[in-house]
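# Model the following, please.
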Amino acid sequence: MSMKHWERSRNIGEAFSFAWRGLQDVFLREQNVRIQLLVGTLVVCAMFFYRIPPANMAIGIMAIVFVVALEMINTSLELFADAMYPEYNSNIRSAKDIAAGAVLLASIGACIVGVLVFL
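This next block holds a predicted model:
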């Protein structure tokens, strides 16, 4: 019986291909990411509509990207934990809750940034 080995990028093109596959996977798998991207897109459109200065716009976009990236890390942790420990484990539950809390904290921070950007 032969084991399947993980793909490893041999060049930058493959590395980007793997990263793109990860973005597609999380977009198709996670409703929260789709909602965050929709809200983020609407906020960016509003920033253009209200002619927010470019520096403030950059800060707002960075906050949005930070939330989505953290959601992707949270999803990765959850998938890995579920694969390693299919049975209930209180430490895994805590790790997943902590990661979800980090996303919540980043989301609250992004909302605060959004309010300040539009003031």
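# how close does Arg29 get to Gly101?
21 Å (Cβ to Cβ, to the nearest Å). (C-beta placed from N, C-alpha, C; glycine too.)
# remind me which residues of the protein are low pLDDT?
Low-confidence regions of the chain, defined by pLDDT under 70, span residues 1-3.
# so where do the helices sit in it?
In the chain, the helices defined using DSSP state H lie at 12-29, 31-49, 54-84, 90-118.
# and these as CSV, adding mean neighbour count and distance to Lys4?
Output for the helices of the chain, formatted as CSV (neighbours: other Cβ atoms under 10 Å; distance: least, Cβ to Cβ, whole Å):
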stretch, mean neighbour count, distance to Lys4
helix 12-29, 12, 16
helix 31-49, 14, 27
helix 54-84, 16, 14
helix 90-118, 14, 25
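# As TSV, the ones you listed with distance to His5 would be great.
Compiled in TSV, the helices of the chain are given as follows (distance: least, Cβ to Cβ, whole Å):
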stretch	distance to His5
helix 12-29	14
helix 31-49	29
helix 54-84	17
helix 90-118	26
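# With respect to Trp6, which of the ones you listed lies nearest?
For Trp6, the closest of the helices of the chain is helix 12-29, at 10.3 Å, according to Cβ to Cβ.
# now the angle from that closest one to helix 54-84?
Interaxial angle, helix 12-29 versus helix 54-84 (axes from the mean of the first three to the mean of the last three Cα atoms, to 10 degrees): 80 degrees.
# what about helix 12-29, distance to the chain center?
The chain centre lies 13 Å from the centre of helix 12-29; the measure is Cα atoms, centre = their mean, to the nearest Å.
# That helix vs helix 31-49, what angle?
Here the directions of helix 12-29 and helix 31-49 differ by 100 degrees (the same axes, to 10 degrees).
# by contact count, what packs against helix 12-29?
When contacts are defined as 3 or more Cβ pairs under 8 Å, 6 or more residues apart in numbering; DSSP states H and E, helix 12-29 sits against helix 31-49, helix 54-84.
# Glu7 is nearest to which of the ones you listed?
helix 54-84 (16.4 Å).
# Now do that closest one and helix 90-118, the angle between them.
Going by the same axes, to 10 degrees, helix 54-84 makes 170 degrees with helix 90-118.
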